[in-house]
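**Student:** I would like the atomic coordinates for the input below:
(one chain, ligands or ions: 2)
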Amino acid sequence: MDMETKVGYFASLEQYKPRDALEQTVRAENVGFDSVWADDHFHPWYHTNAQSAQAWAWMGAALEATKRVFISTCITCPIMRYNPAIVAQTFATLRQMYPGRVGVAIGAGEAMNEVPVTGEWPSVPERQDMTVEAIGVMRQLWGGQEPVTFKGKYYTLDKAFLYTKPDDEVPLYFSGMGPKGARLAGKYGDHLMTVAADPSVLKNVTIPNFVKGAADSGKDPSKMERAMLIWYSVDPDYEKAIEGLRFWAGCLVPAMFKYKVYDSKEVEVHANLVGHDMMKENYMVATDAEDLIKEIERFKAAGITHFCLGNSSPDVNLGIDVFKDVIPHVKN
Ligand SMILES: C[C@H](OP(=O)(O)OC[C@@H](O)[C@@H](O)[C@@H](O)CN1c2cc(O)ccc2Cc2c1[nH]c(=O)[nH]c2=O)C(=O)N[C@@H](CCC(=O)N[C@@H](CCC(=O)O)C(=O)O)C(=O)O
Ligand SMILES: CCCCCC(=O)CC
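**Tutor:** Numbers count the residues shown, from 1 in each chain. Ligands and ions are numbered 1, 2, ... in the order given. Take a look at the predicted model:
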């Protein structure tokens with residue numbers, strides 16, 4: 001049997017003030033979204049009118065303000081500005097307080113979040129290596145019945161013990177954008193997290209690598225979600241809808257992931273050079289619910305089972321309420 005499609009709302013702490021993101025979260029729960037996801041950033045992907053609230057502080061408030069939705073970061077980088085043991089402690093605490101409702105998504109990081117507070121920016125392969133070791137640290141602490149002592153290449157634990165634990169492990173989504181990242185996601189994650197990409201790349205490269213990584217490590221990939229962050233903008237005026245996505249255009253510039261670009265003003269300069277065609281191709285632009293249903297179906301056909309939908313619509317409330325007419329059609 002196919003896995004049930006889940007529809008999540010990405011409440012951006014870079015684009016919206018934390019209290020506004022909280023109001024959106026409550027509204028999204030009432031409309032019927034299954035999950036809520038928050039970006040975990042230090043600097044944002046745009047400078048003008050941007051925010052950048054601390055994600056874990058916000059998650060506590062969001063969990064208390066809602067009753068049902070699953071809430072996770074999208075995503076947390078546990079290798080530099082955060083120590084992985086503290087990431088493990090934070091999410092264990094939240095999941096004990098809100099059983100079954102808390103997850104964490106993990107990835108190898110972005111310069112804008114790590115460089116401003118550490119000054120360091122290792123290569124992609126090294127950061128992937130650090131991420132794998134960081135996950136090992138987190139899992140040892142989550143599962144540990146006794147204090148853990150560990151000396152790794154990057155992290156050390158000395159009789160470390162988590163006194164506050166949930167009854168079950170925190171579900172861990174592993175972000176893989178490239179083929180190697182996707183393989184690591186299958187091997188070390190409970191589920192895949194990825195970002196908007198050409199559906200044929202998702203279907204023929206990202207997901208097969210994820211499945212291989214999972215199968216090689218003895219897991220059943222059919223039980224693992226394939227989650228994806230994608231931004232959408234809905235407005236009766238199509239051109240206005242496209243321009244609504246400008247805040248996120250910098251994510252379409254590959255150099256941002258490799259090079260040490262960490263000043264949001266500089267990211268914004270790159271973002272402002274991205275054309276409408278590129279935003280249309282990579283994100284979801286819609287004038288109504290019907291357009292959104294078609295867009296979601298396109299990515300479902302590529303194998304995505306959990307959507308983290310970033311609302312960049314000119315009218316934010318319209319961008320949430322339209323899902324009353326979308327969700328019943330896209331759930332299997
Ligand atoms: C850059 C690619 O690496 P990969 O490990 O696949 O993905 C990295 C991302 O997961 C992180 O950057 C992640 O932190 C970004 N992110 C995020 C990701 C996501 O899926 C959903 C939401 C978010 C939001 C978010 C993120 N980060 C945060 O800190 N906070 C957030 O809120 C990649 O392309 N990997 C390739 C290999 C690339 C490589 O190694 N290149 C070499 C050269 C290789 C060669 O040519 O020989 C190089 O660049 O030096 C791969 O295959 O994995
Ligand atoms: C290609 C986009 C990756 C996601 C970047 C991000 O940090 C969004 C919150």
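**Student:** pLDDT score for the residue lying closest to A38 once chain neighbours are set aside?
**Tutor:** The spatial neighbour of A38 that comes closest, neighbours along the chain excluded (C-beta to C-beta, 6 or more residues apart in numbering), is A55 at 4.9 Å. Yep, even glycine has a C-beta here, placed from its N, CA and C like the rest. As predicted, A55 sits at a pLDDT of 98.
**Student:** I'd say A55 and T76 touch.
**Tutor:** Yes. Taking C-beta atoms under 8 Å as the definition, A55 is a contact partner of T76 at 7.1 Å.
**Student:** who has more neighbours, those two?
**Tutor:** Here A55 and T76 are set side by side on neighbour count (other C-beta atoms under 10 Å), and the busier one is T76, at 27 against 22.
**Student:** Quick check: that one touching I106?
**Tutor:** Yes. In this structure, T76 sits in contact with I106. The criterion is C-beta under 8 Å, and the distance is 6.0 Å.
**Student:** what residues do the two have in common as contacts?
**Tutor:** Contact with both T76 and I106 is made by residues V87, according to C-beta atoms under 8 Å, 6 or more residues apart in numbering.
**Student:** All the strands of the stretch 201-332 of the chain, residue numbers only.
**Tutor:** Counting by DSSP state E, counting those that start in this stretch, one finds strands in the stretch 201-332 of the chain at the ranges 226-234, 284-286, 306-311.
**Student:** I'd like those as a markdown table, with mean neighbour count, distance to A11 and mean pLDDT appended.
**Tutor:** Formatted as a markdown table, those follow (neighbours: other C-beta atoms under 10 Å; distance: least, C-beta to C-beta, whole Å; pLDDT from 0 to 100):
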| stretch | mean neighbour count | distance to A11 | mean pLDDT |
| --- | --- | --- | --- |
| strand 226-234 | 25 | 12 | 98 |
| strand 284-286 | 24 | 17 | 97 |
| strand 306-311 | 26 | 8 | 98 |
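**Student:** Do any residues in stretch 208-221 lie close to ligand 1?
**Tutor:** No. With C-beta under 6 Å from any ligand atom as the threshold, stretch 208-221 lies outside contact range of ligand 1, at a closest distance of 8.2 Å.
**Student:** Provide the count of other residues in contact range of the residue of the stretch 1-150 of the chain at minimum distance from ligand 1.
**Tutor:** Of the residues in the stretch 1-150 of the chain, the one nearest ligand 1 is G107, at a distance of 3.1 Å by C-beta to the nearest ligand atom. One way to gauge burial is a neighbour count; for G107, by other C-beta under 10 Å, it gives 28.
**Student:** what's the pLDDT at it?
**Tutor:** 98.
**Student:** so who does it touch?
**Tutor:** Neighbouring residues of G107 by C-beta under 8 Å, 6+ apart: 75-77, 131, 174-175, 181, 193.
**Student:** Considering only those, which also neighbour ligand 1?
**Tutor:** Counting by C-beta under 6 Å from any ligand atom, the members of these that reach ligand 1 are 75, 77, 175, 181, 193.
**Student:** Quick check: phi and psi on the last one?
**Tutor:** When you say that, I think you mean M193. phi -120, psi 130 (degrees, to the nearest 10).
**Student:** What is the neighbour count of it?
**Tutor:** Using other C-beta under 10 Å as the criterion, M193 is surrounded by 29 other residues.
**Student:** Report the beta-bridge partners for it.
**Tutor:** The bridge-partner assignment for M193, based on DSSP bridges, gives S175, A227.
**Student:** From the centroid of this structure, which residue is nearest?
**Tutor:** Residue closest to the mean C-alpha point of the chain, counted by C-alpha atoms, centre = their mean, is C74 at 2.3 Å.
**Student:** rewinding a little: from Y283, how far off is the residue of the stretch 1-150 of the chain closest to ligand 1?
**Tutor:** 19 Å (C-beta to C-beta, to the nearest Å).
**Student:** Then D198?
**Tutor:** Counting by C-beta to C-beta, the gap from D198 to Y283 is 12 Å.
**Student:** neighbour count winner among the two?
**Tutor:** Y283 (23 against 13).
**Student:** what sits against the closest residue to the more buried one other than its chain neighbours?
**Tutor:** Using C-beta to C-beta, 6+ apart and skipping the chain neighbours, the partner closest in space to Y283 is W231 (4.6 Å). With C-beta under 8 Å, 6+ apart as the criterion, the residues that contact W231 are 10, 196, 245, 248, 283-284, 309-312.
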